[in-house]
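In: Okay, sequence plus prediction incoming.
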Amino acid sequence: MDWNWQQPDWPQFTYDAGRLESSEASFLKQGGILIGAFKHLQPTQENELLAETATSEAVTTSAIEGELLDRQSVRSSILRHLGIQADSRRAGLREEGIARMMLDLFRGDLGPLSHERLWAWHGMLMQGRTDLDVIGGYRARAEPMQIVSGPIGRETVHFEAPPAGRVRGEMDGFLEWFNQSERRLPPLARSGIAHLYFESIHPFEDGNGRIGRAISEKALAQGLGQPSLTMLSTEIESCQKEYYAELERASRRLEVTAWLEWFADAALAAQRRTLDWVHFLIYKTRLLDRLCGRINGRQEKALLRMMREGPAGFAGGLSAGNYQTITGASPATAGRDLVQLVNLGALRRTGTGKGTRYWLTLE
């Protein structure tokens, strides 16, 4: 079977709009709730949300491609670019590059996408690389661009992209479609098709997945009319095998309903992740304000450490032993501190004996 770009009707993607109607409505409804929630954030909370979202997206979009980054270095780089005090660690080129790209994506304008914007993103991602022929431009190597797996000599070809000689023309067509489809297609369908369309061209030597997911994020933000910080890569990384399987299936056809249904579910889940973060930041601030002057330094240190884990919370709950490690308190002091935090409504307790665990109360 031919790849999608080899078929006569390329790139005329088709899908059953009726099967996405409910998802599109949910996206706009959730988006309205999210935008409304943004208005309740203080400036410091807005920066914290941007830092957390951009860090998570930078780390997970890289992890999807098998590139493991130092999360704290990424976060420090993002905070520095936001003008916020960060630790003194020096970010590596990879961490610095993806941090810059994410901030450009999430803080950038919602205007048309251009070759120059894509080249700039590629330059950020690939800075310092010496193994590529082209950085900040489309691929030019004559040999086939293939996605393969398996041992040498027994490779499985999952996809083969158009030859390099076709890339500029294909990208001209892609950008024309992307910029003209904003008012013609609903957000989820447009974002999902944009991702598949871009990945099918595979215009760069490396970095196509990361840039392709960024394009999808831009399309979702355009659909809501403002940057939405949708945690798309964070969600996709949690179901990475399905993501690659769905992309591979979709790359052989131009009827893409199944791909768009899968993508829509992922995008809606990503949107809920962002909303969870917004609610977490609001509840966190309210809790700390309520406790101001009523807790000691040890208790504050432990609460802040728990809050660093975000909406998902402290893995497995906080034990008395964890509290002692975090604060340096004796067992007796830790016990008294924890009882007081429960009585103040800051923590809730589950289990008994050695199985006792404590969880943040943020609602």
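Out: Happy to help now that I have it. Since the model is a prediction, treat every value here as computed from it, not as a measurement.

In: quick one: low-confidence ranges for the stretch 1-150 of the chain?
Out: Applying pLDDT under 70 to the stretch 1-150 of the chain picks out residues 1, 86.

In: just the strands in it please.
Out: Using DSSP state E, counting those that start in this stretch, the strands assigned to the stretch 1-150 of the chain run over residues 146-149.

In: check which helix or strand covers the residue nearest to L362 when sequence neighbours are not counted.
Out: Counting by CB to CB, 6 or more residues apart in numbering, L362 lies nearest to Y283, which is 3.7 Å off, once chain neighbours are set aside. All C-beta spots, glycine's among them, are computed from the backbone N, C-alpha and C. For Y283, the host element (DSSP states H and E) is helix 257-291.

In: Buried residues in that helix, which are they?
Out: By neighbour count with 16 or more other CB atoms under 10 Å, helix 257-291 contains the buried residues 257, 259-264, 266-275, 277-278, 280-285, 287, 291.

In: same question, stretch 56-67
Out: When burial is assessed from 16+ other CB under 10 Å, stretch 56-67 yields the following buried residues: 56-62, 64.

In: Same check on stretch 36-45?
Out: Going by neighbour count (16+ other CB under 10 Å), the buried part of stretch 36-45 is 37-38, 41, 45.

In: Ends of that stretch, what's the gap?
Out: For stretch 36-45, the separation between the terminal residues is 14 Å (CA to CA, to the nearest Å).

In: Distance from the helix or strand hosting G212 to the middle of the chain?
Out: Using DSSP H and E, G212 maps to helix 208-224. The chain centroid and the centroid of helix 208-224 are separated by 10 Å under CA atoms, centre = their mean, to the nearest Å.

In: and Q127, how many neighbours does it have?
Out: Applying other CB atoms under 10 Å, we find 14 residues neighbouring Q127.

In: From H202, how far out is it?
Out: To H202, Q127 is 21 Å away according to CB to CB, to the nearest Å.

In: name the helices or strands packed onto the helix holding G212?
Out: Packing partners of helix 208-224 (3 or more CB pairs under 8 Å, 6 or more residues apart in numbering; DSSP states H and E): helix 21-38, helix 43-64, helix 93-107, helix 115-126, helix 187-201, helix 232-237.

In: Only the C-alpha atoms, please, for that helix, written as PDB.
Out: Output of helix 208-224 as PDB, limited to C-alpha atoms (Å, rounded to 0.1, in the frame of the first residue of the first chain):
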ATOM      1  CA  ASN A 208       9.800  16.700  13.300                       C
ATOM      2  CA  GLY A 209       7.800  15.200  16.200                       C
ATOM      3  CA  ARG A 210       8.500  18.000  18.600                       C
ATOM      4  CA  ILE A 211       7.800  20.700  16.000                       C
ATOM      5  CA  GLY A 212       4.700  18.800  14.800                       C
ATOM      6  CA  ARG A 213       3.200  18.700  18.300                       C
ATOM      7  CA  ALA A 214       4.000  22.400  18.700                       C
ATOM      8  CA  ILE A 215       2.000  23.100  15.500                       C
ATOM      9  CA  SER A 216      -0.900  21.200  17.000                       C
ATOM     10  CA  GLU A 217      -0.700  23.300  20.200                       C
ATOM     11  CA  LYS A 218      -0.700  26.500  18.100                       C
ATOM     12  CA  ALA A 219      -3.800  25.300  16.200                       C
ATOM     13  CA  LEU A 220      -5.600  24.500  19.400                       C
ATOM     14  CA  ALA A 221      -4.800  28.000  20.800                       C
ATOM     15  CA  GLN A 222      -6.000  29.600  17.600                       C
ATOM     16  CA  GLY A 223      -9.200  27.700  17.900                       C
ATOM     17  CA  LEU A 224      -9.800  29.300  21.300                       C
END
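
In: tell me the average confidence for that helix?
Out: Mean pLDDT, computed over helix 208-224, is 98.

In: Next: stretch 251-271.
Out: In this model, stretch 251-271 has a mean pLDDT of 99.

In: next one: stretch 189-202
Out: For stretch 189-202, the mean confidence score works out to 99.

In: How far does that stretch sit from its chain's centre?
Out: Relative to its chain's centre, stretch 189-202 lies at 17 Å (CA atoms, centre = their mean).

In: about what we covered before: the residue nearest to L362 contacts A346, correct?
Out: No - with contact defined as CB atoms under 8 Å, Y283 and A346 do not form a contacting pair (11.3 Å).

In: and the next helix or strand after the helix holding Y283, what other elements does it pack with?
Out: Counting by DSSP H and E, the element after helix 257-291 in chain order, helix or strand, is helix 297-307. Where contact means 3+ CB pairs under 8 Å, 6+ apart, helix 297-307 is packed against helix 257-291, helix 320-327, helix 331-343, strand 357-360.

In: What strand or helix carries R349?
Out: R349 is located in strand 347-350, with elements delineated by DSSP H and E.

In: quick one: strands adjacent to that strand?
Out: Using DSSP bridges, the strands paired with strand 347-350 are strand 357-360 (antiparallel).

In: Tally up the residues packed near R107, please.
Out: For R107, the tally of surrounding residues (other CB under 10 Å) stands at 12.

In: err, A302, not the other one
Out: 27.

In: pretty sure it is touching A320, no?
Out: No - between A302 and A320 no contact is recorded; they are 10.8 Å apart, counting by CB under 8 Å.
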